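J.: next comes the sequence, and after it the predicted model I'd like to discuss.
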Amino acid sequence: MHTVVRHPLINHRVTLMRDQTTPPKLFRELVGEITEFLAFEALRDLNMRDVDVVTPVAKARGALVNEHVVLVPILRAGMGMMNAMLHVLPYAKVGVLGMQRNEATAEPMAYYAKVPPAKGGELAIVVDPMLATGGSACDAVAQLKSLGYKRIKFLNLISAPEGIAKFEREHPEVPVFTAVKDERLNSHFYIVPGLGDAGDRIFGTL
Ligand code: PRP
Ligand code: URA
C-alpha cells in the first residue's frame, strides 16, 4: 500500500529540495513542510472520541484525537522529520532506531535502538526521508513488529521503485506515504534523480 501524495505544494518543495544549491537551513525547512503535508494525508484515519464543547455562542459536538502514537525516526536523516511530526502530534512518544547503510553493499547495520515495547493498540509511525533499496525501512518495521507493534505506518519523502517493491514484499500490510516516486537506483544505491545523501544535506555534513 504505497501512496504517492500528489499536490502542487509538495511538488514545489520537492523541486527546491532536490536542487544541489539548496543550503541546509532551507533544506530542513522543506523537509519539515513536506512532512506535515504527508502527515495530513497519512493520519486521515486516526481514531477520535466525541466530546462536547461550549463555544461563546452555544454547545457544540466535537471530536478529539484518541490515539497512543509512537514516532520512530530512523537515525540520522529521520530526525529531520521529527519537529514536523511532533508539531502535528505533540502528545506522541518517541522511539529511536539507528541504522547505517554499508557503503559498498547498502546493507543496513543497526547500531542503536531505544523504542518502548508495545502495550497494545498503539500506532507506530516510522519516518525516514529516503526509501532506496528499502533495507533500512524493512528492518526498522521488522524490529517494531518484534517489539509487539501491530499498527505501523511509514512516512518518507523520496522512494525508489526497488525500495517500494521490497517493502511491499516484506510488509504488505504496512501503509507507506511518500512525496515522490523516483526513477531508479544508481550503481551506488543512490536514488536517481533523488537529492543526494539526505542526512548530509539535513545536517550540513557534505
Ligand atoms: C539513508 C536514509 C535511509 C537509508 C535508505 O541513511 O536516511 O535510512 O539511507 O537507504 P536504503 O533504503 O537503501 O536502506 P544512511 O544509511 O545514509 O544514514 P544517515 O541517515 O546516518 O545518513
Ligand atoms: N540514502 C540517501 O540519503 N539518499 C539516497 O539516494 C539513498 C539512500
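T.: Good, I have the coordinates. Ligands and ions are numbered 1, 2, ... in the order given.
J.: now residue 27, what are its backbone angles?
T.: phi -60, psi -50 (degrees, to the nearest 10).
J.: residue contacts, it?
T.: 17, 201-202 (CB atoms under 8 Å, 6 or more residues apart in numbering). The C-beta positions use only the backbone N, C-alpha and C, and glycine is treated the same way.
J.: return the closest of those residues with respect to residue 111.
T.: Set against residue 111, the nearest of the contacts of residue 27 by CB to CB is residue 202 (18.2 Å).
J.: sec struct for the closest one, please.
T.: helix (DSSP: H, G, I helix; E, B strand; the rest coil).
J.: counting neighbours, what do you get for it?
T.: Taking other CB atoms under 10 Å as the criterion, the count of residues near residue 202 is 19.
J.: ok, it - contacts?
T.: Each residue near residue 202 by CB under 8 Å, 6+ apart is listed here: 24, 27-28, 31, 76-77, 79-80, 129.
J.: in CSV, list the contacts of residue 27 along with pLDDT.
T.: Below are the contacts of residue 27 laid out as CSV (pLDDT from 0 to 100):
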residue, pLDDT
17, 98
201, 98
202, 98
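J.: now these in a markdown table, with distance to ligand 2?
T.: Below are the contacts of residue 27 laid out as a markdown table (distance: CB to the nearest ligand atom, whole Å):
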| residue | distance to ligand 2 |
| --- | --- |
| 17 | 12 |
| 201 | 8 |
| 202 | 9 |
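J.: the helices in the protein, which residues?
T.: When assigned using DSSP state H, the helices of the chain occupy the ranges 8-18, 24-42, 82-88, 135-146, 161-170, 198-203.
J.: pull out the buried residues from the second one.
T.: Spelled out, that is helix 24-42. 27-35, 37-39, 42 (16 or more other CB atoms under 10 Å).
J.: and it, anywhere near ligand 2?
T.: No: if you take CB under 6 Å from any ligand atom as the test, helix 24-42 misses ligand 2, and the best it gets is 11.6 Å.
J.: ok, that helix near ligand 1 or not?
T.: No: Helix 24-42 does not reach ligand 1 (CB under 6 Å from any ligand atom); its nearest approach is 11.1 Å.
J.: what about that helix, distance to the chain center?
T.: The chain centroid and the centroid of helix 24-42 are separated by 10 Å under CA atoms, centre = their mean, to the nearest Å.
J.: just stretch 134-153 next, same as before
T.: Stretch 134-153 sits 13 Å away from the centroid of its parent chain (CA atoms, centre = their mean).
J.: once you drop chain neighbours, what's closest to residue 31?
T.: Nearest residue to residue 31, sequence neighbours excluded (CB to CB, 6 or more residues apart in numbering): residue 80, at 4.6 Å.
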